[in-house]
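Colleague: sequence unknown, structure follows:
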C-alpha cells in the first residue's frame, strides 16, 4: 500500500468527502495507536485531528506560542467556573505533543476496583501486559534514570526520602533527551516519543491519511450503526470553520478525541446517549500545587519536567488518596498559578529561579465521588462542571500539609500556599493554619493535566457507555479508545494507559473484522 | 458547603443592603448576571478610552478594549515596580488578549465581552466596592478595591470573573520575552536546527 500523509486544512476542498474502512477521531495516544494497529491489519484508515500539524522546527519554546497553538481552547480550557485550569493537548499528536513523558502502567488496584465496582470484565494486568510491552517498546519508555533528576525533582526526592515516603524514579518516553525542560511546549529535538513521531508515523507509512485542522462535529448514525463523521475544516489563524468535510466509515468509527471532547461529540450528535451515562463521571486528578522557596537557585524551568513521583499517600483507605510529582516553572504558567495582582503578585514572580513546585494529584472516583460532568449547549460550546466535594477538600488540605512537610524536610526556606491569601510556612507549627484557610472554587489555584472518564467502560449498559473492549453498547461499530473509557481516575499519569488500552481495543477491532 | 466567610474588605460593601445581596444571589444562577450584562447598553457611554489599539480589533469594541486595558494596568506589573518593568500597555496586553479571545469559541468571546461590561459598570462598582464610577474613570485605588472585592467575593461568579481577567492579563504579560530577565529567567535554550524531520 502506498504511504498516506498528513493533510492540512488548507488542502481540503469544501464539501469534500472520503470513504474508508475506519474513521478515527483524534491523533493522540489513543487515536494514533488505533490507526496504526488497524492500518497494519490491512484496513484503510482516516484520522481526523482538530489541531494543526506542527513539527519540531515549529516548537520555539515560547509559552506565548505554545499554549495557544498546542492546547485545547488555545490554553483557555477550564471548568465552567474557571476554578480548575485544564491543560489538554490539541494538535497532530494530541496530548502526546505536550505531555511531560511520565509513563506508568495502570495500577493493579485500579484494575481490581474497576472489576469489583464497575463491572469491567477481562481487563487484568496479564491481559494488558503484552499491550503495555508493545507500546513501551514503540515509544521508548526507559527505566528511571537518576541523571534525569533536576533540582526541582531532587527536592521532592530528598524530602520524601527523609520522611520515609519512598520516592520513585519516573520512567520516561524519550530517546536522546537533552533534558531541556520544555516537554509541555513541544519537543524541538523529537527526543520525546510523541504519537506523531511513533504510531501516527507508522499509520501514515502504512497508508493512513491524517486530516489536520478538522474538527469532528457530528457522528452520523443509522439503525444502530455509525455511518460517517462530519467535520468542520478550520482556518488555523482564526480557528473558525472554512469548510465542511465528511468521512464515511465502511466498517467502523473509533473516537479518541480525549476525555472531554469524545463525550461532547456523542452528546452533540445525540448518538448513543440513551441512558444518560455519556459525559458523567469525568475525572481530572484535581491538582493542588505548593510552592517552596530555597536559598539556592532551583531553576525549575530547565531539566526533565518530571522524574520523581511519590505514591505513599495514593491509598488512604476510606479517604481520597493523592500522589506527588513536580511541575516545571516557566514565567507564564507560574504567573497564572500565583494568586493576587499588582505588587504582591509581581514580588512572588520575581523569586522564580528560587521556587520549587510540588503538586498533589487527587485520585478522584475511587470512593463515592462522581467527578464532573461534560455537557454541550445549543451553541456547541463544551461545558465542564466539577464540584469540589468535602472529601476532595479534605484530601487537598491534607496533601497541602504533607507537601509542606516534605519541602521543609528538603530544606526550603519558606513554603507558600496558593490560597488567594497565601500562607507562609516556615516551621511545622505553621502547617496547622492550612486547615483553617478558605479552600474552594477560585479560592485556591487548581489545575488538571489528566482528563479521564465521561464514557466509562463496563459490562452493565445501565452504568457504562462502552464494553470492556471499548465497543459502544448502543452502536455496534463505534469504539472509544481514549481516556474517557476509564471508569475512575487511574492514580497515575494516564498517557501510557491510554496507549495500551487503545492498542488492546484496536487489536480486537481488527480481529472482529 | 457554605461559602467561607472571607468578607470583601473594600469600603462600602459592609453597608450593602439585603435587597442588593438578594439581587446578586439571584442573578448568579447559570451565569444569569452575565446575561443581564448584555442588557446594559449604556454602560460604555462614559467609558474613558486610553491609548488606541495598535492593530484593528478582532473581537472587542473600542470601549471593551479600553476596559480590559485599564484592568490589565492594575494587574501587571504593580505600581511598586521600578522603571525597568514595562507597563501592561507597553507590552500590548489588551491587544494580545483581543487577538487570543477572537479565536476561542464565539460563546466564550461573547461572555468575555459581557464580563468587561460588568466590570465597567458603575452600578456594580457601587454595589461591590462603593465605587459608583465607570471602572475606566475610577481612581487607581478604587480600581484596585473593585478587583479586590471581586477576587474575594462570596459570589462565585464574581470570583470567576476576576480570575478570567487576572489570568488573561498575566498570560499576556508574563509570556513576553521582555520580562524574562526581570524574573530571573534566562529564556529558552538555543536549539540547533537539525536537518530532517518527522513525518
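Modeller: Thanks, I have it. Predicted model, so just to flag it, every value in this text is computed and none were measured.

Colleague: Quick one: residues in contact with stretch A:67-80.
Modeller: When contacts are defined by C-beta atoms under 8 Å, 6 or more residues apart in numbering or on different chains, stretch A:67-80 is touched by residues A:51-52, A:54, A:58, A:84-91, A:97-98, A:185-186, A:239, A:258, A:260-261, A:332, A:372, A:383-386, B:100, B:103-105, B:108, B:171, B:175. Bear in mind the C-beta positions are built from the backbone N, C-alpha and C, glycine included.

Colleague: Tell me which of these fall in strands.
Modeller: A:85-86, A:383-385 (DSSP state E).

Colleague: helices or strands up against the biggest helix by length in chain B?
Modeller: For chain B, the helix that runs over the most residues, judged by DSSP state H, is helix B:156-174. With contacts taken as 3 or more C-beta pairs under 8 Å, 6 or more residues apart in numbering or on different chains; DSSP states H and E, helix B:156-174 sits against helix A:331-337, helix B:62-75, helix B:93-101, helix B:106-120, helix B:140-151.

Colleague: Measure how that helix sits relative to helix B:62-75, angle-wise.
Modeller: Per axes from the mean of the first three to the mean of the last three C-alpha atoms, to 10 degrees, the angle that helix B:156-174 makes with helix B:62-75 is 80 degrees.

Colleague: tell me how far helix B:156-174 is from the chain's mean position?
Modeller: The chain centroid and the centroid of helix B:156-174 are separated by 6 Å under C-alpha atoms, centre = their mean, to the nearest Å.

Colleague: Could you do stretch A:127-146 as well?
Modeller: 18 Å.

Colleague: What mean pLDDT does it get?
Modeller: Stretch A:127-146 shows a mean pLDDT of 98.

Colleague: And stretch A:503-513, by the same measure?
Modeller: Regarding stretch A:503-513, the rounded mean pLDDT is 92.

Colleague: now stretch B:134-143
Modeller: Mean predicted confidence for stretch B:134-143 is 97.

Colleague: Would you mind measuring the gap between the ends of that stretch?
Modeller: Chord length of stretch B:134-143, first to last residue, is 10 Å (C-alpha to C-alpha, to the nearest Å).

Colleague: Now look at it and say if it contacts chain A.
Modeller: No: Stretch B:134-143 is not in contact with chain A by C-beta under 8 Å from any C-beta of the partner chain; minimum separation 9.7 Å.

Colleague: wait, doesn't residue A:285 sit right on residue A:450?
Modeller: Yes: under the criterion of C-beta atoms under 8 Å, residue A:285 makes contact with residue A:450 at 4.1 Å.

Colleague: any residues in contact with both of these two?
Modeller: A:361, A:489-490.

Colleague: which ones among the residues you listed are found in strands?
Modeller: Counting by DSSP E, those contribute residue A:361 to strands.

Colleague: what would the shared contacts of residue A:285 and residue A:450 look like in a markdown table with neighbour count, pLDDT and distance to chain B?
Modeller: Output for the shared contacts of residue A:285 and residue A:450, formatted as a markdown table (neighbours: other C-beta atoms under 10 Å in any protein chain shown; pLDDT from 0 to 100; distance: C-beta to the nearest C-beta, whole Å):
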| residue | neighbour count | pLDDT | distance to chain B |
| --- | --- | --- | --- |
| A:361 | 27 | 98 | 21 |
| A:489 | 28 | 98 | 22 |
| A:490 | 25 | 98 | 27 |
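
Colleague: For residue A:180, grab phi and psi.
Modeller: Here is the backbone geometry of residue A:180 (degrees, to the nearest 10): phi -70, psi -40.

Colleague: Who are the contact partners of residue 151?
Modeller: Since no chain was named, I'll use chain A. Residue A:151 touches A:297-300, A:303, A:356, counting by C-beta under 8 Å, 6+ apart.

Colleague: Chain B is the one I meant
Modeller: A:340-341, A:420, B:159, B:162, B:166.
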